[in-house]
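> need a 3D model of the sequence below.
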Amino acid sequence: MKLKFYILLSLYFIVSCSLYVDDEQPDIFFEYTDFDILELGGTYSDMIITADGHFIFLADYNNNRILKINTGNTMNVVGEITLGSHPGALDLNSDGSVIAVALEGESKVTILDVSGFEIINSFSISLMNVNDLAFVNDTTLVISSKTDPSCISLNLNSTAETSQSVLNGELAMDREHDILYVATSASIKKYNWDGVRFSQDSNISDPYGFSGDVHHFVYCNSNNTVFACISSIEEGISVRHVYSYNGADMTFAGKYLIKSPGLAVAVSMDGQRVFTAPTDADEMGVFVIEFDQETKLESNYYLSAGNLTDRGLILDPQSQFLYILVNIPGDDDSFEPYNDYSFDLQRIKL
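Numbers count the residues shown, from 1 in each chain. Below you'll find the predicted structure:
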């Protein structure tokens, strides 16, 4: 009788286990999105996109070249120009007809024609270790350095160079109102252009509270706001946000929590969507995070194909695609110094 009981009990457990179905679904906190990868290789220092979103231009710092990328159905390289030592920052003029390229390794600025994709002029300048540049208007550039104490302006028609009382840093220009914003290592400063010289505005942002290294700095015209990706160069200070400031009076506009320093930031044309690339990886990988500008809260995550880089994030003007520069782990060739950190271009559909 006891044996029969144990047999029946065993059969009950076997049947019970075979009928059990675990229908619980895992919690998914991001949406998988199709993306494309254009294999390029190289170390890229800056990227820009045309107003129609049809072309992207990349500054390949280690290989001394500028690439022109067609963003059609299948991304492809449609042009390449070798132009000098270590091309750094890029900027388009107001109508998108020419690109200015800062050559860090030669103390030189080169001007490219966009449609024909050819060099149309080149200017030697007094600054060493050129860091950033911006069109003040279609005939004038403002240029900063990593090591020189102040910026210069360069007239592209007369070739005249003028020393400006503008501290060096990352540059963002409001061309409509002739205002230059500069992200220095300590704070954001604002300068007004009178046609010849910049004068410092009375409005200055509050200090960061630490000595900073600025990775990316952009101006959003629609809401008159600047966004800064900053890390601390001081030990023991952890930066966990991307910072934003009101362009009118430089008051604090808000922080976007990403739990690590930001490497790059992009803002939609209407100013409502803010995308940022954090330094640190999540357990799943490295994500680009989208924020709602009004609430400063996360709204979407986009999984990248690899590690990210400074200035390596742009949004197409129609806010349909996100373009990021990614370094896929294990893709580097450490035996060839110019191929270290071989970044590719990833496109994510929003």
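
> show me the beta-bridge partners of Ile348.
Phe35, Leu322 (DSSP bridges).

> contact partners for Leu38?
By Cβ atoms under 8 Å, 6 or more residues apart in numbering, the contact set of Leu38 is Ile69, Met75, Asn76, Val77, Asp344, Leu345, Gln346, Arg347. The way it works is simple: take the backbone N, C-alpha and C, and place the C-beta from them, glycine included.

> typo on my end, Asp206
Per Cβ under 8 Å, 6+ apart, neighbours of Asp206: Ser187, Phe252.

> of the contacts of Leu38, just the buried ones, PyMOL syntax please.
Listed next is the PyMOL selection for buried residues among the contacts of Leu38, using 16 or more other Cβ atoms under 10 Å:
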select buried, resi 69+75+344+345+346+347
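
> please flag which of the contacts of Leu38 sit within strands.
Cross-referencing the contacts of Leu38 against strands under DSSP state E gives Ile69, Asn76, Val77, Asp344, Leu345, Gln346, Arg347.

> so Cys220 sits against Val226, correct?
Yes. Contact criterion Cβ atoms under 8 Å: Cys220 and Val226 qualify, at 7.4 Å.

> between the two, tell me which one has more neighbours.
Val226 (26 against 23; other Cβ atoms under 10 Å).

> and the pLDDT at that one?
With respect to pLDDT, Val226 scores 98.

> and Leu92, how many neighbours?
Applying other Cβ under 10 Å, we find 18 residues neighbouring Leu92.

> number the chain from 45, please
Got it, the first residue is 45 from now on, which makes the last one we talked about Leu136.

> what's the separation between it and Gly350?
Distance of Leu136 to Gly350, computed by Cβ to Cβ, to the nearest Å: 27 Å.

> pretty sure Glu162 sits against Lys112.
No. Judged on Cβ under 8 Å, Glu162 makes no contact with Lys112 at a distance of 10.7 Å.

> of those two, who's got more company?
In this view Glu162 and Lys112 are compared by other Cβ under 10 Å, and Lys112 has more residues nearby, 19 against 10.

> tell me the contacts of the more buried one?
So, once contact is read as Cβ under 8 Å, 6+ apart, Lys112 ends up touching Phe99, Ile100, Phe101, Val121, Val122, Gly123, Glu124, Phe161.

> please name the nearest non-neighbouring residue to it.
Excluding the flanking residues, the one nearest Lys112 by Cβ to Cβ, 6 or more residues apart in numbering is Gly123, at 3.5 Å.

> before we move on, what about Val318?
For Val318, the spatially nearest residue (Cβ to Cβ, 6+ apart) is Phe335, at 4.4 Å.

> tell me, how many residues neighbour the one you found?
24.

> residue contacts, it?
Tyr300, Arg317, Val318, Phe319, Thr320, Leu341, Glu342, Ser343.

> likewise for Ser159?
Ser159 touches Ser141, counting by Cβ under 8 Å, 6+ apart.

> distance of it relative to Gly140?
Taking Cβ to Cβ, one finds Ser159 at 9 Å from Gly140.

> distance from stretch 214-223 to the middle of the chain?
18 Å (Cα atoms, centre = their mean, to the nearest Å).

> now it: mean pLDDT?
The model assigns stretch 214-223 a mean pLDDT of 97.

> quick one: residues in contact with that stretch.
By Cβ under 8 Å, 6+ apart, stretch 214-223 touches 138, 175-181, 186, 188, 195, 224-227, 234-238, 245, 258, 260-263, 265, 268, 270, 272, 291.

> which of the residues you listed fall within helices?
Among those, none falls in helices (DSSP state H).

> now these: which count as buried?
175-180, 186, 188, 195, 224-227, 234-235, 237, 245, 258, 260-263, 268, 270, 272, 291.

> narrow those to those in strands?
Filtering these for strands - DSSP E - leaves 175-180, 186, 188, 195, 224-227, 234-235, 237, 245, 258, 260-263, 270, 272.

> buried ones only from the contacts of Lys112, please, as a PyMOL command.
Restricted to buried positions by 16+ other Cβ under 10 Å, the PyMOL selection for the contacts of Lys112 reads:
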select buried, resi 99+100+101+161
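
> just to revisit the earlier point, mind checking which of the contacts of Phe335 are in strands?
Tyr300, Arg317, Val318, Phe319, Thr320, Glu342, Ser343.

> thank you, goodbye.
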